[in-house]
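Peer 1: here's a sequence, model it:
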Amino acid sequence: MAVARMSTWKFRPGQRDAALEVISKKGDDAERMQGFRGYLFLMSPEDQDAAILITLWEDEESLQASRESIFKEAVQDIERYTASPPDVKALHVHSADIPPIAPELARPA
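Peer 2: Purely as a prediction, here's the structure:
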């Protein structure tokens with residue numbers, strides 16, 4: 001069964017963009033992990049110091065492996081930008097249909 005991790009981040013005032021730049025670089029590492037299936041980065045226009053990152057994984061084992069490696073590293077790498085540790089939830093994916101949302105949002109190959 002596919003699973004997702006939803007992490008809600010609260011950043012120090014004005015630090016969201018710097019933190020997201022660091023997290024985005026981790027995306028390359030995540031893409032090389034077994035079981036990685038994609039991600040969504042969501043930013044609130046109302047709260048410039050918050051973001052939600054949803055990562056999709058093939059199974060529980062892949063999610064757990066990422067938790068102990070890439071996610072743990074990302075949390076450490078952006079700790080100086082955060083106001084608090086992220087709120088993290090593991091979720092089962094009931095269904096998904098995610099065609100390319102917009103070409104301008106796609107990461108370059």
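Peer 1: the most centrally placed residue in the chain: what's its closest spatial neighbour, skipping adjacent residues?
Peer 2: Nearest to the geometric centre of the chain sits Leu53, at 3.4 Å (Cα atoms, centre = their mean). Counting by Cβ to Cβ, 6 or more residues apart in numbering, Leu53 lies nearest to Ser7, which is 5.0 Å off, once chain neighbours are set aside. All C-beta spots, glycine's among them, are computed from the backbone N, C-alpha and C.
Peer 1: can you name the residues bridging to that neighbour?
Peer 2: Leu53, Val88 (DSSP bridges).
Peer 1: for it, give its distance to Pro85.
Peer 2: 9 Å (Cβ to Cβ, to the nearest Å).
Peer 1: between those two, which has more neighbouring residues?
Peer 2: Comparing Ser7 with Pro85 by other Cβ atoms under 10 Å, the one with more neighbours is Ser7, at 18 against 11.
Peer 1: so how far is Arg37 from the more buried one?
Peer 2: Note on Ser7: its distance to Arg37, by Cβ to Cβ, is 16 Å.
Peer 1: and if you look at Leu63?
Peer 2: In this view, Leu63 and Arg37 are 10 Å apart by Cβ to Cβ.
Peer 1: more crowded one of these two?
Peer 2: Leu63 (21 against 17).
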